[in-house]
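1. here's a sequence, model it:
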Amino acid sequence: MEEKHEPTQIDGEEGVLEAKEVAIEEGLRMEGVASIALLPNGSISGHFVHLPNSVCYGIHGTELACERECSRGEDYRLVKLTIIDFITTKEQDVVVERRGHDAARLCNVEHAHGWERDVVNLVDQKHQKNKIVISFECETLKADEAAEEHIRRFMPKLTGMDAIVNIGKMSITGLDFKAAVGHTEQNT
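-> From the prediction side, this is the model:
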């Protein structure tokens with residue numbers, strides 16, 4: 001028989017981290033495969049397939065124009081990532097870090113201190129109530145003709161844009177389109 005441990009009091013930084021971990025564990029965790037096209041202008045576009053039910057979500061990312069902290073490498077970018085539920089046509093946004101040049105890694109921004117004020121506000125305000133946690137790492141990289149063939153087959157609107165394709169495992173925690181407040185719905 002498994003014991004449940006519930007903290008009675010949360011103090012200090014360790015308590016805050018513990019509370020975040022509990023909230024993430026209680027949220028819906030989706031795992032699957034993502035196919036993402038990295039466009040020359042810094043944007044990303046693609047899809048995430050939640051396994052085992054093969055539910056597909058759209059992914060669109062726009063690079064945030066901001067100065068890089070001196071402690072970050074030149075491959076570091078901030079991206080406003082929009083996840084689209086094709087069934088309900090609702091969207092949810094999250095700001096993520098993008099590292100790696102052609103083989104991208106995406107993860108959440110833990111702190112945005114040192115960035116411009118509008119970027120700090122975007123990271124801090126939007127995600128206080130509904131914390132979405134993203135993790136993606138490129139396992140397969142397609143460039144040139146292989147990328148163009150993949151794009152023609154799976155993302156035809158991006159044909160001819162000289163994109164590089166990243167395919168890899170992705171996990172998303174805390175995504176809840178039913179509780180989405182202040183997010184846009186697309187017109188059908």
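2. tell me where the chain has strands.
-> 29-38, 44-50, 55-63, 77-85, 91-99, 105-108, 133-137, 140-142, 164-173 (DSSP state E).
3. and the third one, what does it pack onto?
-> Contact here means 3 or more CB pairs under 8 Å, 6 or more residues apart in numbering; DSSP states H and E; on that basis strand 55-63 packs against strand 44-50, strand 77-85, strand 91-99. Using the backbone N, CA and C atoms, a C-beta is placed for each residue, glycine as well.
4. what sits closest to residue 161 if chain neighbours are left out?
-> residue 39 (5.8 Å; CB to CB, 6 or more residues apart in numbering).
5. show me what contacts that neighbour?
-> Contact partners of residue 39, counting by CB atoms under 8 Å, 6 or more residues apart in numbering, are 45, 158, 161, 162, 163.
6. can you do 10 Å?
-> Taking CB atoms under 10 Å, 6 or more residues apart in numbering as the criterion, residue 39 is in contact with 45, 61, 63, 158, 161, 162, 163, 164.
7. on that earlier part again, including mean neighbour count and distance to residue 149, could the strands of the chain go into CSV?
-> Output for those, formatted as CSV (neighbours: other CB atoms under 10 Å; distance: least, CB to CB, whole Å):
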stretch, mean neighbour count, distance to residue 149
strand 29-38, 20, 12
strand 44-50, 21, 15
strand 55-63, 18, 20
strand 77-85, 20, 24
strand 91-99, 20, 24
strand 105-108, 18, 24
strand 133-137, 20, 22
strand 140-142, 17, 8
strand 164-173, 20, 9
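8. in a markdown table: those strands, plus distance to residue 154 and mean pLDDT.
-> Listed next are these as a markdown table, based on distance: least, CB to CB, whole Å; pLDDT from 0 to 100:
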| stretch | distance to residue 154 | mean pLDDT |
| --- | --- | --- |
| strand 29-38 | 6 | 95 |
| strand 44-50 | 8 | 95 |
| strand 55-63 | 10 | 94 |
| strand 77-85 | 15 | 91 |
| strand 91-99 | 20 | 89 |
| strand 105-108 | 19 | 90 |
| strand 133-137 | 17 | 93 |
| strand 140-142 | 11 | 96 |
| strand 164-173 | 9 | 96 |
